[in-house]
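In: how does the following fold in three dimensions:
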Amino acid sequence: MKEQILKLRAEGKSYSEIAAALGCNKATVSYHCNPQVKANFLAFRNKNRKKQVLELKLKFGGKCKRCNYSKCLDALHFHHIDPNEKTDTVSRLFMNKGKTAAHKEAEKCELICANCHAELHSD
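Out: Numbering: from 1, shown residues only. Reported below is the predicted structural model:
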């Protein structure tokens, strides 16, 4: 769709005309035509994803299940108990599949600090 939008814009079509021709909304047209709109959207999405991950960490207790570390939520990781059941990382699922998929994946994990996570994977 991006190529079609840019082609129509190069032909001098307005955002409204492009949206009507392609059956999308003007926000989609703006996203592909204006780099600042895309940058703002991506910044918002990343900020929102980080907020959702931090909220999920709090839901899981906000501390390392192994050593009780709780000083910094960013230092806590979702460790998959059974790697064979892993679909993707919780953070990527928030971004690509949404909140429900991320929460389901987190249920397969235990919340542990970065140090304990490194020790688990060093064996």
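In: quick check: longest helix in this protein by residues?
Out: helix 35-59 (DSSP state H).
In: which residues touch it?
Out: 30-32, 73-74, 76, 90-91, 94-95, 99, 102-103, 106, 111 (CB atoms under 8 Å, 6 or more residues apart in numbering). Bear in mind the C-beta positions are built from the backbone N, C-alpha and C, glycine included.
In: and the pLDDT for the residue most central in space within the chain?
Out: Most central in the chain under CA atoms, centre = their mean is residue 95, positioned 2.2 Å from the mean C-alpha point. For residue 95, the pLDDT comes out at 81.
In: quick check: it vs residue 58, distance?
Out: According to CB to CB, to the nearest Å, residue 95 and residue 58 sit 19 Å apart.
In: helices or strands up against the helix or strand hosting residue 118?
Out: Secondary structure from DSSP states H and E places residue 118 in helix 114-122. Under the contact criterion of 3 or more CB pairs under 8 Å, 6 or more residues apart in numbering; DSSP states H and E, helix 114-122 touches strand 76-80.
In: mind checking how far the helix or strand that comes right after the strand it packs on is from the chain centre?
Out: Downstream of strand 76-80, the first helix or strand assigned by DSSP H and E is helix 90-96. Put simply, helix 90-96 sits 4 Å off its chain's centre (CA atoms, centre = their mean, to the nearest Å).
In: so what does helix 90-96 touch, helix or strand wise?
Out: Counting by 3+ CB pairs under 8 Å, 6+ apart, helix 90-96 packs on helix 35-59, helix 99-106.
In: mean pLDDT lowest for which of those?
Out: helix 35-59 (a mean of 87).
In: orientation of that helix relative to helix 99-106 in degrees?
Out: 40 degrees (axes from the mean of the first three to the mean of the last three CA atoms, to 10 degrees).
In: what are the buried residues along helix 35-59?
Out: Across helix 35-59, burial judged by 16 or more other CB atoms under 10 Å covers 49, 52, 53, 56, 57.
In: what do you get for stretch 13-33?
Out: 13, 15, 18, 19, 24, 28, 29, 30, 31, 32, 33.
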